[in-house]
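Novice: Make a model of this:
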Amino acid sequence: MKKGEIYFNREVDFLTAQTSQYVKMGIVQEERKSEDRKKEHQTGNPREITIETRIEDTPDALGLESTLHNRFNARRIYGEWFLLDSQEIENIKLVGLRLRDEQISNLPYYEKMVIANELLSNGLTRDASQEEKALAERASQLTGEISILEARKSITRSALLQSIDLHTTEITGILSIDKSKESTSFNKAKFIADHPEISQQYQKVKPAKMTANYSATYKMTLNRISKEINEEVKALPKELHDSRITNQAIDRSPELEVLHANYLEYDREIEILRWELTFIEWKIKSSIYNYEKVVDLATWKRTLSPISSELDVEAVKKHHPALYDAYMETKPGKWSVHINPFRPYPINAFSLNEFYSECIETV
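Specialist: Sure thing, here's the model as predicted:
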């Protein structure tokens with residue numbers, strides 16, 4: 001977590017003095033100021049960068065920026081650029097100030113949680129207090145609602161993918177399907193099995209490491225919330241991309257734009273719920289502190305692994321280069337689907353007035 005500020009930048013044409021309709025919502029962290037970032041944006045830009053306003057003294061600037069981007073994705077055109085008028089900027093700033101104040105009020109719980117995360121759990125179990133039970137009940141509601149929304153998001157994603165054939169790798173402005181490059185890696189397990197004596201010769205110390213395993217009793221799974229939706233998700237067709245043979249883009253249709261809008265709306269709703277859930281979990285973890293288990297709440301086991309040894313792969317590479325090369329394996333690239341978290345196409349393709357007002361009202 002790094003402190004900082006959120007800035008809202010506009011562009012003004014030097015020749016016509018016309019103000020752009022686009023606004024960049026970004027961050028600066030630690031000791032940097034929005035003016036510093038403004039100068040960087042100005043370099044090479046034929047339009048004048050102006051700072052419309054900012055949200056200062058934010059404990060977690062990146063977290064606040066991310067939630068604002070997602071909450072107002074109805075007006076997000078590309079990257080950090082939004083289509084906003086001056087009044088809408090002020091409305092978003094008011095939301096941001098309220099969220100910043102929530103960060104500040106919950107900061108003591110975060111700081112105590114960070115300390116607790118570095119403590120070995122004491123191995124003890126205790127009962128949950130009434131306050132902890134109330135937190136767990138609300139967390140249970142939130143995780144259940146998130147599970148439903150994540151499921152509907154998966155169903156919408158599947159509908160988008162089913163709308164294209166195996167020749168298509170892009171829906172303009174909505175999604176793209178890419179394949180990563182081949183990668184190579186050293187098969188350490190096979191090398192150790194085939195050459196145990198050499199493996200013993202080239203060992204290095206593996207230092208002790210703190211591991212933390214947090215298991216929440218209150219977390220609600222999709223199957224517990226809705227067996228019907230859970231079955232619908234399980235029945236979704238598998239994504240088979242390996243047989244894609246051409247790179248072909250298709251144009252959007254109004255139906256695909258609606259699916260995309262629904263997908264982003266689920267993102268927005270999930271973000272709002274996760275924001276609240278994050279603060280609740282800060283409170284729960286700070287309350288558990290160094291206990292290992294709190295009944296009906298969570299188990300938070302923190303242990304320190306013993307000092308051990310492991311194969312020094314770099315030493316093998318240096319002293320036995322030919323043998324090292326023999327255990328290098330090539331892995332094929334993997335297909336990945338990227339659905340745009342913004343709309344780089346005219347947003348008046350569907351109604352946004354009610355959609356945008358919901359963003360303000362919900363927060």
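
Novice: Could you use CA atoms for every contact and neighbour count after this?
Specialist: Noted.

Novice: Please name the spatially closest residue to residue 225 (chain neighbours excluded).
Specialist: Residue nearest to residue 225 in three dimensions, not counting chain neighbours: residue 144, with 6.3 Å by C-alpha to C-alpha, 6 or more residues apart in numbering.

Novice: After the host helix or strand of that neighbour, which helix or strand is next?
Specialist: Counting by DSSP states H and E, the element that carries residue 144 is helix 130-162. Elements were assigned by DSSP H and E; along the chain past helix 130-162, the next helix or strand is strand 168-171.

Novice: Quick check: next helix or strand after that following strand?
Specialist: Counting by DSSP H and E, the element after strand 168-171 in chain order, helix or strand, is strand 175-179.

Novice: What are the buried residues along the helix or strand that that following strand is followed by?
Specialist: Moving toward the C-terminus from strand 175-179, the first helix or strand encountered (DSSP H and E) is strand 183-186. The neighbour-count criterion (16 or more other C-alpha atoms under 10 Å) identifies residue 186 as the buried residues of strand 183-186.

Novice: which residues touch strand 183-186?
Specialist: Contacts of strand 183-186 with the rest of the structure, by C-alpha atoms under 8 Å, 6 or more residues apart in numbering, involve 324, 327, 328, 329, 330, 331, 332, 333.

Novice: Return a ChimeraX selection command for the buried portion of those residues.
Specialist: In ChimeraX, selecting the buried portion of these, with burial taken from 16+ other C-alpha under 10 Å, looks like this:
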select :324,327
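
Novice: OK, contacts around residue 59?
Specialist: Neighbouring residues of residue 59 by C-alpha under 8 Å, 6+ apart: 1, 2, 3, 4, 100, 103, 104, 107.

Novice: just checking, what packs against the lengthiest helix in the chain?
Specialist: For the chain, the helix reaching the highest residue count under DSSP state H is reported as helix 254-288. Secondary-structure packing of helix 254-288 (3 or more C-alpha pairs under 8 Å, 6 or more residues apart in numbering; DSSP states H and E): helix 61-71, helix 86-117, helix 130-162.

Novice: Same list (those) but as CSV, adding mean neighbour count and distance to residue 9.
Specialist: Formatted as CSV, the entries for these read as follows, by neighbours: other C-alpha atoms under 10 Å; distance: least, C-alpha to C-alpha, whole Å:
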stretch, mean neighbour count, distance to residue 9
helix 61-71, 21, 14
helix 86-117, 16, 10
helix 130-162, 18, 32
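
Novice: what about these, which gets the closest to residue 298?
Specialist: helix 130-162 (9.0 Å; C-alpha to C-alpha).

Novice: Let me know the pLDDT of residue 8.
Specialist: Among the per-residue scores, residue 8 holds a pLDDT of 94.

Novice: same check, this time on residue 334
Specialist: 90.

Novice: do the same with residue 259
Specialist: Predicted confidence (pLDDT) for residue 259: 94.

Novice: Is it in contact with residue 162, as I believe?
Specialist: No - because the distance of 11.8 Å does not satisfy C-alpha atoms under 8 Å, residue 259 is recorded as not touching residue 162.

Novice: in a strand, that's where residue 82 is, yeah?
Specialist: Yes - when the secondary structure is assigned by DSSP: H, G, I helix; E, B strand; the rest coil, residue 82 falls within a strand.

Novice: From residue 337, how far out is residue 152?
Specialist: Here residue 152 is placed at a distance of 17 Å from residue 337 (C-alpha to C-alpha, to the nearest Å).

Novice: Then residue 192?
Specialist: In this structure, residue 192 lies at 36 Å from residue 337, with C-alpha to C-alpha as the measure.

Novice: With residue 224 instead?
Specialist: Residue 224 sits 29 Å away from residue 337, going by C-alpha to C-alpha.

Novice: pLDDT wise, what is the most centrally placed residue in the chain at?
Specialist: Geometric centre of the chain, nearest residue: residue 66, 8.4 Å, by C-alpha atoms, centre = their mean. At residue 66, the pLDDT value in this model is 96.

Novice: now it: how far from residue 100?
Specialist: Between residue 66 and residue 100 the distance, using C-alpha to C-alpha, works out to 12 Å.

Novice: cool, residue 218 as well?
Specialist: Between residue 218 and residue 100 the distance, using C-alpha to C-alpha, works out to 27 Å.

Novice: related to what we said a few turns ago, looking at the contacts of residue 59, which two lie furthest apart in space?
Specialist: Distances among the contacts of residue 59 were taken as C-alpha to C-alpha; the most separated pair is 4 and 107, at 14.5 Å.

Novice: Pairing partners for residue 7 in the sheet, please.
Specialist: Per DSSP bridges, the residues bridged to residue 7 are residue 26, residue 54.
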